[in-house]
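Enquirer: Structure for this input, please:
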Amino acid sequence: MEGHIPSSTGGSLRDSFRCHPRNPGQLFYVSGCQIVAANEDIFAPQGLARGHDDRISAFVLSHSGFLMASGQQGRNSDVVIWDTQSLSVRSKFQEHDLEVVNLSFSLDDRLLLTLGHQKDPKLFVLDTSNGKIVAKTATELNKRFTASVFAPQTTANIYNFATASDNEITIWTLDPFTGSVSGQKRHPDCFK
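Expert: Have a look, this model is predicted:
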């Protein structure tokens, strides 16, 4: 179950409500600058994941459900990788400026893609085990990213992912062992 719900700051964050993939009764949702861990049993205690000092602008739950990641807007546009069991910070990444607009886990949960605001044209891929940069590249200034997704791996050492912006899709190839990342732009009409 995915969707968006109004945040406590009055805004709306797309995909800010997620169900745990292995425990459907466990829910995670964004509320301002924190993440609430709840249970469908309304009498169960809630937990809070706190690690941001401004509104959360991007949120994703890993495919295994063991990790989640959040990014924020503002001066400290940090990305936090969380342990979903303990709601503790596993790592904090502090390279973005202005706002983190999109996050995606690889299908094996080893990598996390982070995308910056259109005036912060940066793309990073992080190792989720330690929060270190695996690859980085500049993106086009004023390109507003709206989505990203990893593809299933076809080669052991190569990952592919896609990013979407207003009228463009970019297919990326990443070698996490060398840090090599390259993208090829496509217009959405070419997929018809």
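
Enquirer: Going by C-alpha atoms from here, please, whenever you check contacts or count neighbours.
Expert: OK.

Enquirer: where are the low-confidence patches of this structure?
Expert: Regions of the chain meeting the criterion pLDDT under 70 cover residues 1-15, 187-192.

Enquirer: residue farthest from the centroid of it?
Expert: Ranked by distance from the centre of the chain (C-alpha atoms, centre = their mean), the top residue is F43, with 29.8 Å.

Enquirer: Mind telling me what element that one is part of?
Expert: Assigning secondary structure by DSSP states H and E places F43 outside every helix and strand.

Enquirer: For it, give me its contacts.
Expert: F43 makes no contacts at all, as judged by C-alpha atoms under 8 Å, 6 or more residues apart in numbering.

Enquirer: State the phi and psi torsions of it.
Expert: In this entry, F43 is assigned phi and psi values of phi -90, psi -10 (degrees, to the nearest 10).

Enquirer: name the element A38 belongs to?
Expert: Assigned by DSSP H and E, A38 belongs to strand 34-39.

Enquirer: Can you give the distance from the helix or strand just after that strand to the centre of its chain?
Expert: Per DSSP H and E, the first helix or strand lying C-terminal to strand 34-39 is strand 47-50. Mean C-alpha position of strand 47-50 versus that of the full chain (C-alpha atoms, centre = their mean, to the nearest Å) differs by 18 Å.

Enquirer: and if you look at stretch 46-61?
Expert: Centre-to-centre, stretch 46-61 and its host chain are 12 Å apart (C-alpha atoms, centre = their mean).

Enquirer: What lies in contact with that stretch?
Expert: The contact list for stretch 46-61 (C-alpha under 8 Å, 6+ apart) reads 9, 13, 15-16, 18, 20, 30-39, 67-74, 76, 78, 80, 87-89, 99-105.

Enquirer: Next, the buried residues of that stretch.
Expert: Counting neighbours by 16 or more other C-alpha atoms under 10 Å, one finds that the buried residues in stretch 46-61 are 48-49, 51-61.

Enquirer: Please tabulate those in JSON lines and include secondary structure and distance to L126 as additional columns.
Expert: Output for those, formatted as JSON lines (DSSP: H, G, I helix; E, B strand; the rest coil; distance: C-alpha to C-alpha, whole Å):
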{"residue": "L48", "secondary structure": "strand", "distance to L126": "24"}
{"residue": "A49", "secondary structure": "strand", "distance to L126": "20"}
{"residue": "G51", "secondary structure": "coil", "distance to L126": "18"}
{"residue": "H52", "secondary structure": "coil", "distance to L126": "19"}
{"residue": "D53", "secondary structure": "coil", "distance to L126": "22"}
{"residue": "D54", "secondary structure": "coil", "distance to L126": "22"}
{"residue": "R55", "secondary structure": "coil", "distance to L126": "22"}
{"residue": "I56", "secondary structure": "strand", "distance to L126": "19"}
{"residue": "S57", "secondary structure": "strand", "distance to L126": "18"}
{"residue": "A58", "secondary structure": "strand", "distance to L126": "15"}
{"residue": "F59", "secondary structure": "strand", "distance to L126": "15"}
{"residue": "V60", "secondary structure": "strand", "distance to L126": "14"}
{"residue": "L61", "secondary structure": "strand", "distance to L126": "15"}
